[in-house]
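>>> Provided below are the primary sequence and the corresponding predicted coordinates.
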Amino acid sequence: MHADPNTVSNQERPGSTLSGWPMLLFTLLLKAGGITLIIRAIIQGDANQPFLLQLVAGLLMLLTSFISWGGFFSLQPNESRVLILFGAYKGTARRSGFHWVNPS
């Protein structure tokens, strides 16, 4: 007997999240490092390769830290959050606390 391809299975899966506190520290360090590299590149003011490398690295670090902010969330007791990545269901977070997931 074959299953009907038009039926959809509604089954909840536990989602994987990271603790938000270490990721908050990492995101803040990433932001501070990016700002530091950009300031150092501007102060040096030379258009040589290390200047451009520092500037691009600093901008990429800042961009990554800004994107990372979208992954933080907190859950109170008896709350849940559906985790979706590019429109596909990846699981449900049910543990209360401060969490971080890959922002989509």
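Good, I have the coordinates.

>>> Show the pLDDT at the spatially most central residue of the chain.
Nearest to the mean C-alpha position of the chain, by CA atoms, centre = their mean, lies Ser68 at 3.5 Å. Looking at Ser68, its pLDDT is 93.

>>> Provide the contact partners of the one helix or strand it maps to at residue level.
If you go by DSSP states H and E, Ser68 is part of helix 49-68. Under the contact criterion CB atoms under 8 Å, 6 or more residues apart in numbering, helix 49-68 has outside partners 23, 26-28, 30-31, 33-38, 40-42, 44-45, 100, 103. (Glycine included, C-beta is placed from N, CA and C.)

>>> thought Ala89 was touching Gln11?
I think there's a mix-up here, since residue 89 is Tyr and not Ala. No: judged on CB atoms under 8 Å, Tyr89 makes no contact with Gln11 at a distance of 9.7 Å.

>>> and the two? which has more neighbours close in?
Comparing Tyr89 with Gln11 by other CB atoms under 10 Å, the one with more neighbours is Tyr89, at 14 against 6.
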